[in-house]
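A.B. asks: my questions concern the predicted model and sequence given below.
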Amino acid sequence: MDEPMLAAGAMSDLATLLANDRRGTEAEAMARRALAVLDGEAAADGAAAAHAWNSLGLALMEQEHFDDAEAALLRSMEMRRLLPDAPRMLAVAKHNLGLLYRRRGDLAGSEAALEEALSMKRELSGERSYEVLSTRHVLAMTLAEQGRLAEAERLQRQNLALARELFGEASDHTATAYNELASLNQDLGEYALAAEYYDRALAVEAEVSGEQSVSYMVTLNNLATLEESRGDPERALQLFRRSFEYRRASLGPDNPSALRAEVNLGRALMRVGRLAEAEPLIARAMAAWATRLEPDAADMLRTRLGWAEWELRAGRFEAADATLEALRPLFAGKPPALVFRHQALVAELLQRRGRAAKAVEAWALALAQAEAQFGSESISTARWRVPYAEALLQAGQVDQARAQVRQAAPVLRAQLVPGSELPRRLDALESGLGKG
């Protein structure tokens, strides 16, 4: 192989690594350099070109330029059909398309592509292979985003067993499986089990990468979300701050991972009433994302939802309403979790503005979305019965409010920190409703 072909291959390899490290702009530049080197080469339609187009697709996907990414990945796939190792390369191509469709919000398309990739990989590499592990991991995430949490949890349990078999306990693959199982059990409302899995993930990451590593700090951030859900906002705030400060120092303030941590810290601050500290964090992250992402990109939407929440908590109701209305058309086809967050903020805003009847309607829709995503008996749904019951009581619908409280109270009191926000609100509701 001549020097230009070797150089192009190395550039494509580097572009793929950069894309996997969420450095999409750098990855795109490197992939385009590879394609430029191949331009005019005799093998431009062969394996090197297919690799370069695939790396470009991954780079564009990381920047959420989904249509261009799909075109690049499909072009790579067509080239790979003609290669000697076509079955293996086509399985990889289907996996990457599944990733793309998931990121774009086409969860049904993602599931179909990943199932096809998984079937191909099983035939080529066997059930007990890393290839199966990697695709099954993404498939589980896709199912979870559809609200199929029990199915996703079952797949991640299989992945944990396979990761330990292939790589041992002290492996980043094993740590990832523990982390994903923790997140799923958190959504399922199994908080004690989620805490066990997060602790195990942190122990493995500390051994493999050290406590001063990005992977450790990302898991620490996830543990913070559990502490917040369990009703310990101060503990959550400490963990969010530690995760953010490390990522900002080690990766730079505008790194995507650091920006996500900045928004998480800002939201945690405003939820304990420290609005003045929260405002510049969310505003800065929003400005940074705006320079690199489309308005409907997932990170942009999450950050703007955080800003709408800040406006709401700051009492700037007109501004919050304007932000939420501007966001509404951007949620078409997005994952259910994002759609739900928008709906819950709409409902809370109506409630705070004293529009009881409309708040009841909005909370009813939000609760239906939560039930579809988490199940009707989960604590992840029960916690939203509290504001719904408050709105019902404000609207004079006492019996309906009492029914929501009766369904939510046992679940919440069993798992939340006594005296934390939601148990206190339950006490106030029960006092207002009387025995009934």
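C.D. replies: Perfect, I can see it now. Numbering: from 1, shown residues only.

A.B. asks: how close does the residue nearest to Gly9 when sequence neighbours are not counted sit to Leu38?
C.D. replies: Nearest residue to Gly9, sequence neighbours excluded (CB to CB, 6 or more residues apart in numbering): Ala48, at 5.7 Å. Every residue, glycine included, has its C-beta placed from N, CA and C. Shown here: Ala48 relative to Leu38, a distance of 6 Å by CB to CB, to the nearest Å.

A.B. asks: what's the answer for Leu100, then?
C.D. replies: 23 Å.

A.B. asks: next, count neighbours for Gly273.
C.D. replies: Gly273: 11 surrounding residues under other CB atoms under 10 Å.

A.B. asks: low-confidence bits of the stretch 1-150 of the chain, can you list those?
C.D. replies: 1-2, 40-45 (pLDDT under 70).

A.B. asks: let me see the backbone angles for the residue nearest to Gly9.
C.D. replies: Main-chain torsions, Ala48, degrees, to the nearest 10: phi -60, psi -40.

A.B. asks: show me the contacts for it.
C.D. replies: Residues in contact with Ala48 (CB atoms under 8 Å, 6 or more residues apart in numbering) are Met5, Ala8, Gly9, Ser12, Ala34, Leu38, Glu41.

A.B. asks: picking up where we left off before, tell me, what's touching Ala48 and Leu38 both at once?
C.D. replies: With CB under 8 Å, 6+ apart as the test, Ala48 and Leu38 both reach Met5, Ala8.

A.B. asks: can you show me the helices along the stretch 151-300 of the chain?
C.D. replies: Under the criterion DSSP state H, counting those that start in this stretch, helices of the stretch 151-300 of the chain are mapped to 172-187, 191-208, 214-230, 233-251, 256-271, 275-290, 298-313.

A.B. asks: skipping adjacent residues, who's closest to Arg235 in space?
C.D. replies: What sits nearest to Arg235 in space, not counting adjacent residues and going by CB to CB, 6+ apart, is Glu227, at 4.6 Å.

A.B. asks: Arg385 now?
C.D. replies: Nearest non-adjacent residue to Arg385, counting by CB to CB, 6+ apart: Ala408, 3.8 Å away.

A.B. asks: please save the CA atoms from stretch 332-340 in CSV.
C.D. replies: Output in CSV follows, covering the C-alpha atoms of stretch 332-340 (Å, rounded to 0.1, in the frame of the first residue of the first chain):
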residue,chain,number,x,y,z
ALA,A,332,-41.3,16.5,17.3
GLY,A,333,-39.7,13.1,17.0
LYS,A,334,-37.5,13.6,20.0
PRO,A,335,-36.9,10.9,22.7
PRO,A,336,-39.8,10.6,25.2
ALA,A,337,-37.6,11.8,28.1
LEU,A,338,-37.1,15.2,26.5
VAL,A,339,-40.7,15.6,25.5
PHE,A,340,-41.7,14.8,29.1
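
A.B. asks: hang on, the earlier thing: going by distance to Leu265, which of the contacts of Ala48 wins?
C.D. replies: Nearest to Leu265 out of the contacts of Ala48 is Ser12 (CB to CB; 36.4 Å).

A.B. asks: about what we covered before: out of the contacts of Ala48, which end up buried?
C.D. replies: Met5, Ala8, Gly9, Ser12, Ala34, Leu38 (16 or more other CB atoms under 10 Å).

A.B. asks: please report how far the second one lies from Leu338.
C.D. replies: Right, the one you point to is Ala8. 38 Å.

A.B. asks: same check on the last one?
C.D. replies: Plainly put, Leu38 is 38 Å away from Leu338 if you go by CB to CB.

A.B. asks: with the fourth one instead?
C.D. replies: For Ser12, the distance to Leu338 (CB to CB) stands at 32 Å.

A.B. asks: and the gap between the nearest residue to Leu160 once chain neighbours are set aside and Arg22?
C.D. replies: Leaving aside its sequence neighbours, Leu160 sits nearest to Ala177 (CB to CB, 6+ apart; 3.9 Å). Separation of Ala177 from Arg22 (CB to CB): 20 Å.

A.B. asks: ok, Glu371 next?
C.D. replies: Counting by CB to CB, the separation of Glu371 from Arg22 is 33 Å.

A.B. asks: just to revisit the earlier point, list the contacts of the residue nearest to Arg235.
C.D. replies: Pro233, Arg235, Ala236, Leu239.

A.B. asks: what of Leu305?
C.D. replies: Contacts of Leu305 by CB under 8 Å, 6+ apart are Leu327, Leu338, Arg341, His342, Leu345.

A.B. asks: ok, the closest residue to the second one other than its chain neighbours to Val398 distance?
C.D. replies: By the measure of CB to CB, 6+ apart, the closest residue to Leu338 outside its immediate chain neighbours is Leu301, 5.8 Å from it. Between Leu301 and Val398 the computed distance is 37 Å (CB to CB).
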